[in-house]
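Undergrad: my questions are about this predicted structure, shown below with the sequence.
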Amino acid sequence: MAVCIAVIAKENYPLYIRSVPTESELKFHYTVHTSLDVVDEKISAMGKALVDQRDLYLGLLYPTEDYKVYGYVTNSKVKFVMVVDSSNTALRDNEIRSMFRKLHNSYTDIMCNPFYNPGDRIHSRAFDNMVTSMMMQVC
C-alpha cells in the first residue's frame, strides 16, 4: 500500500503530493524531495547507457528503515514518486509498475483536459479518487 504519491514537474517543483497519515506529511515531503537527486542520477545513467528509453520505470530509488521509495519518469520528464510501507512484503515489482502505469494514464487524462495549463498544480477529483484507491489497496 502506498503511503505517499507525488507528481513532480520537469523543473522539480511539486504538482501533486498526497500522503495517507497526515500527521507525518512533512516527513513524506522531505522524502519525496530527497529522492529527486536519485531520480536525476538514474535518468542520466539511463541516457548514457541506453538508447531505447521506452522503460520509464526507474525501480527502487532507495529504501529507508520504514519505507521504500520508487520512481517513474515520463517522456516529458515529469517524475512520479511513490513511497511504500516497508512492512508490506507482498507488494511485488510488477505491481508497483502497474500502479505507476495507472498513475501515468490518469496524469495523461489530466493533460488532455483543455482547461488544464501544463505546469499548474493538479486539482482533479478523478485524479484524487484514483490516488486514494491506490493508497487504500490492500495487496
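TA: Looks like it came in fine. Here the structure is a predicted model, which is why all the values come from computation and not from measurement.
Undergrad: buried sites along the strand or helix carrying residue 41?
TA: Assigning secondary structure by DSSP states H and E places residue 41 in helix 25-49. Residues of helix 25-49 classed as buried: 28, 31-33, 35-36, 38-39, 46 (neighbour count, 16 or more other Cβ atoms under 10 Å). To be clear about C-beta, it is placed using only N, CA and C from the backbone, and glycine gets the same treatment.
Undergrad: the helix or strand that that helix is followed by pairs with which strands?
TA: Per DSSP H and E, the first helix or strand lying C-terminal to helix 25-49 is strand 57-63. If you go by DSSP bridges, strand 57-63 pairs up with strand 67-73 (antiparallel).
Undergrad: buried sites along the strand it pairs with?
TA: Quick answer for strand 67-73 (16+ other Cβ under 10 Å): 67-73.
Undergrad: return the member of those residues nearest to residue 107.
TA: Closest approach to residue 107 among the buried residues of strand 67-73 (Cβ to Cβ): residue 72, at 10.1 Å.
Undergrad: which residues are in contact with the closest one?
TA: Contacts for residue 72 (Cβ atoms under 8 Å, 6 or more residues apart in numbering) come out as 56-58, 79-82, 100, 103-104.
Undergrad: and these as JSON lines, adding neighbour count, pLDDT and distance to residue 122?
TA: As requested, the contacts of residue 72 are exported to JSON lines (neighbours: other Cβ atoms under 10 Å; pLDDT from 0 to 100; distance: Cβ to Cβ, whole Å):
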{"residue": "56", "neighbour count": "16", "pLDDT": "84", "distance to residue 122": "19"}
{"residue": "57", "neighbour count": "16", "pLDDT": "89", "distance to residue 122": "21"}
{"residue": "58", "neighbour count": "22", "pLDDT": "90", "distance to residue 122": "21"}
{"residue": "79", "neighbour count": "23", "pLDDT": "95", "distance to residue 122": "13"}
{"residue": "80", "neighbour count": "23", "pLDDT": "96", "distance to residue 122": "12"}
{"residue": "81", "neighbour count": "28", "pLDDT": "96", "distance to residue 122": "14"}
{"residue": "82", "neighbour count": "24", "pLDDT": "95", "distance to residue 122": "15"}
{"residue": "100", "neighbour count": "23", "pLDDT": "93", "distance to residue 122": "16"}
{"residue": "103", "neighbour count": "21", "pLDDT": "95", "distance to residue 122": "11"}
{"residue": "104", "neighbour count": "19", "pLDDT": "94", "distance to residue 122": "13"}
